[in-house]
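Engineer: Got a predicted structure here, sequence first:
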Amino acid sequence: MFKKSLATAALAVIAVFAFAPAANAADYVASNLTTVTDSTPAPGSATTVSFADTAFDDGESVSFTASGTPAATLSVVKAAVSNTVVKTASSTGAVSAVITVPTNATGLYTVTATGATGTVGTAVLTVTAADGTPAKALSSTGYNVPVLVIWGAAGLLILGAALVAVRISVRRQHASA
């Protein structure tokens, strides 16, 4: 009975993992087709993110989204619209947008262009503080050690204590014998 149950469970596991599900990955724009006029803009300045010919389909609607904190603005013609703007790719598939970072911006901003057909292009902007120093992350207040090392050290400490206890017990038995 146990063998039949085990065989049934094994077949169920094989049935679940035998076939890989279809991937739903997006088609990404190659990095050599992406151009940023200034990938390290100063706070309050504007930069243009462009995708070259064949990056998108001809005449395709492309939605640009800028993410970062505080929010950057996208503009069509020198006027800020919002954090998302839709542009139409040219007859060759090229498209671009102007991104204006806030005056108090620091850190990384990601610009994502998503075409109507699902093609995705990205560009990363690194904004430095107004005084020219790069953005600083929250400082670390602890010791960064992998958890496996901590548990291994704790296990060795417990093993050492157990060996000492066994050694003391064996000595006492030999002394009383």
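Structural biologist: Okay, I see it.
Engineer: residue closest to the middle of the protein?
Structural biologist: By C-alpha atoms, centre = their mean, the chain has its centre lying nearest to T110, at 10.8 Å.
Engineer: Not counting sequence-adjacent ones, nearest residue to it?
Structural biologist: S67 (5.1 Å; C-beta to C-beta, 6 or more residues apart in numbering). (C-beta placed from N, C-alpha, C; glycine too.)
Engineer: For the one you found, grab the count of nearby residues.
Structural biologist: Around S67 sit 13 other residues, with neighbours defined as other C-beta atoms under 10 Å.
Engineer: wait, it sits on G107?
Structural biologist: No: with contact defined as C-beta atoms under 8 Å, S67 does not reach G107; the gap is 11.0 Å.
Engineer: Tell me which residues touch the residue nearest to T110, please.
Structural biologist: S67 makes contact with 83, 109-110, 112 under the criterion C-beta atoms under 8 Å, 6 or more residues apart in numbering.
Engineer: I'd like the distance between it and A42.
Structural biologist: Using C-beta to C-beta, to the nearest Å, S67 is found at 19 Å from A42.
Engineer: returning to that earlier point: assumed the residue nearest to the centre of the chain was part of a strand.
Structural biologist: Yes: the assignment for T110 is a strand, going by DSSP: H, G, I helix; E, B strand; the rest coil.
Engineer: Neighbours of F56, how many?
Structural biologist: By the criterion of other C-beta under 10 Å, F56 has 30 neighbours.
Engineer: Just to check, it is in contact with T88?
Structural biologist: No: in terms of C-beta under 8 Å, F56 does not count as a neighbour of T88; the distance is 9.5 Å.
Engineer: for the stretch of helix or strand V62 belongs to, which positions count as buried?
Structural biologist: Following DSSP states H and E, one finds V62 within strand 61-67. Neighbour counts over strand 61-67 (16 or more other C-beta atoms under 10 Å) mark 62, 64-66 as buried.
Engineer: Can you list the low-confidence ranges for the protein?
Structural biologist: For the chain, the stretches flagged by pLDDT under 70 are 1-2, 5-7, 9-26, 71-82, 130-144.
Engineer: again, only this time at 50
Structural biologist: Within the chain, the ranges that satisfy pLDDT under 50 run 76-82.
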